[in-house]
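Visitor: Here is the input, now give the coordinates:
(one chain, ligands or ions: 1)
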Amino acid sequence: MSEAKRLAAVKAIDYVEDGMIVGVGTGSTVAYFIDALAPWRDRIAGAVSSSEQSTARLKLHGIEVIDLNTAGTLSLYVDGADECDPHKRLIKGGGAALTREKIIAEASKTFVCIIDASKQVPILGKFPLPVEVIPMARSLVAREILRTTGGQPVWRDGIVTDNGNVILDIHNLSIVDPVGIERELNQLPGVVSVGLFARRPADVVIVGAEPPIVL
Ligand SMILES: O=C[C@H](O)[C@H](O)[C@H](O)COP(=O)(O)O
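Guide: Below you'll find the model as predicted:
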């Protein structure tokens, strides 16, 4: 499967242009993208990173990492996903980086999502939906999730996000109304962000294959 991830990541380089500040996601697929971006280090203006993990890899390649507040609106954001439906709506956050990813996606004109075919689903929800939560609200939010969605929240024990928070993964959801669930969960006090990218889906999805499939 990693070859498919690599093929998708390399194809995403087609969207990189001289002088750009590139938004960079997180995960194993994005790691291939960062590697493919390395030869561009002197042609791009730098990158905005969604995690400490991606920042370390970008710096390893000598790519300048720029604060989003300095960068402003980005032309391009490239990131992976855990699930993708036919409307390019996504579940993300398997690597706990959902909040910063969501911020950068929102700040970007074009979001190119790079996946392998195993991530394509007709309806989102088989992959447990990650929710980033303020630590003191963990039990409260879990009870509310149980009450309002019927899904089973499971604390990702031992994981602390780059923002110092915890993750609840919601199991057994069939997400027929992704925008509605995203809105509903976002409103719970204690929720920092939800790993549903429905209100702001991807603009382009690249499925790794030989040749890559661009949706
Ligand atoms: O928090 C992690 C991100 O949302 C990743 O983009 C997602 O989990 C996919 O990761 P991978 O490319 O490793 O399958």
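
Visitor: Going by C-alpha atoms from here, please, whenever you check contacts or count neighbours.
Guide: Noted.

Visitor: What are the boundaries of the strands in this structure?
Guide: 21-24, 46-49, 74-79, 83-84, 90-91, 108-115, 129-133, 152-155, 166-171, 191-194, 196-197, 204-207, 213-214 (DSSP state E).

Visitor: so the longest one versus strand 74-79, what angle?
Guide: Put simply, strand 108-115 runs at 20 degrees to strand 74-79, going by axes from the mean of the first three to the mean of the last three Cα atoms, to 10 degrees.

Visitor: Outside of strand 108-115 itself, list whatever touches it.
Guide: The contact list for strand 108-115, computed with Cα atoms under 8 Å, 6 or more residues apart in numbering, reads 4-5, 8-9, 12, 23, 29-30, 73-81, 105, 201-208.

Visitor: where's the nearest residue to residue 27 once chain neighbours are set aside relative to residue 150, distance?
Guide: Leaving aside its chain neighbours, residue 27 sits nearest to residue 95 (6.4 Å; criterion: Cα to Cα, 6 or more residues apart in numbering). Separation of residue 95 from residue 150 (Cα to Cα, to the nearest Å) stands at 24 Å.

Visitor: for stretch 56-74, the distance to its chain's centre please.
Guide: For stretch 56-74, the distance from its own C-alpha centre to the chain's C-alpha centre is 17 Å (Cα atoms, centre = their mean, to the nearest Å).

Visitor: Can you give the contact residues for that stretch?
Guide: For stretch 56-74, using Cα under 8 Å, 6+ apart, the contacting residues are 21-23, 31, 34-35, 38, 41, 45-49, 55, 104, 107-109.
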